[in-house]
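A.B. asks: the sequence and its predicted three-dimensional model are supplied below.
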Amino acid sequence: QLIVEAKKYITEHFTNPDLSVEMVCEHLHISQAYFSTLFKKETGQNLSKFIKQYRMEKAKDMLENTNMKIVNISEACGYQNVSYFCQSFRECYGVSPQKFRNGI
């Protein structure tokens with residue numbers, strides 16, 4: 001149930017640049033150490049990676065289905081720094097957001 005609650009919270013707040021493991025745990029009123037262990041045990045990945053992966057999936061979707069500028073997609077996915085967003089996207093998908101959008 002805590003995992004479901006955490007995932008719901010993340011999907012509702014992924015646009016917040018301050019979204020963090022700490023914020024999720026505060027929302028759930030649970031210790032970070034305990035929840036991080038529980039989340040990893042139940043999902044096989046750590047919570048911060050889940051947050052990043054969710055944001056990247058949303059960014060990919062926006063690149064495929066909108067004409068939004070990359071800087072706006074970056075902000076819409078909770079990244080204040082477009083360079084860091086592009087770096088994270090490249091790490092996740094192997095290409096820059098622009099190249100992804102262009103189908104390269």
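C.D. replies: That came through, no problem. From a predicted model like this one, the values you see are computed outputs, not experimental measurements. Numbers count the residues shown, from 1 in each chain.

A.B. asks: most residues in a single helix of the protein, which one?
C.D. replies: For the chain, the helix reaching the highest residue count under DSSP state H is reported as helix 47-65.

A.B. asks: report all helices and strands that the helix or strand that that one is followed by contacts.
C.D. replies: Once helix 47-65 ends, the next helix or strand along the chain (criterion: DSSP states H and E) is helix 70-76. Contacts defined by 3 or more Cβ pairs under 8 Å, 6 or more residues apart in numbering; DSSP states H and E place helix 70-76 against helix 47-65, helix 82-93, helix 97-101. (C-beta placed from N, C-alpha, C; glycine too.)

A.B. asks: and for the nearest residue to residue 27 once chain neighbours are set aside, the neighbour number?
C.D. replies: Closest residue to residue 27 apart from its sequence neighbours, by Cβ to Cβ, 6 or more residues apart in numbering: residue 9 at 5.3 Å. As a burial measure, residue 9 scores 15 neighbours (other Cβ atoms under 10 Å).

A.B. asks: mind telling me what element residue 9 is part of?
C.D. replies: Using DSSP H and E, residue 9 sits in helix 2-13.

A.B. asks: show the average pLDDT along the next helix or strand after that helix.
C.D. replies: Counting by DSSP H and E, the next helix or strand C-terminal to helix 2-13 is helix 21-28. Helix 21-28 comes out with an average pLDDT of 96.

A.B. asks: what is helix 21-28 packed up against?
C.D. replies: The contact analysis (3+ Cβ pairs under 8 Å, 6+ apart) places helix 21-28 against helix 2-13, helix 32-43, helix 47-65.

A.B. asks: if you compare the ones you listed, which one is most tucked away?
C.D. replies: helix 47-65 (a mean of 17; mean count of other Cβ atoms under 10 Å).

A.B. asks: same for that helix, what does it pack against?
C.D. replies: When contacts are defined as 3+ Cβ pairs under 8 Å, 6+ apart, helix 47-65 sits against helix 2-13, helix 21-28, helix 32-43, helix 70-76, helix 82-93, helix 97-101.

A.B. asks: which one, of the ones you listed, ends up nearest to residue 55?
C.D. replies: Residue 55 lies closest, by Cβ to Cβ, to one member of the helices and strands packed on helix 47-65: helix 82-93, at 7.9 Å.
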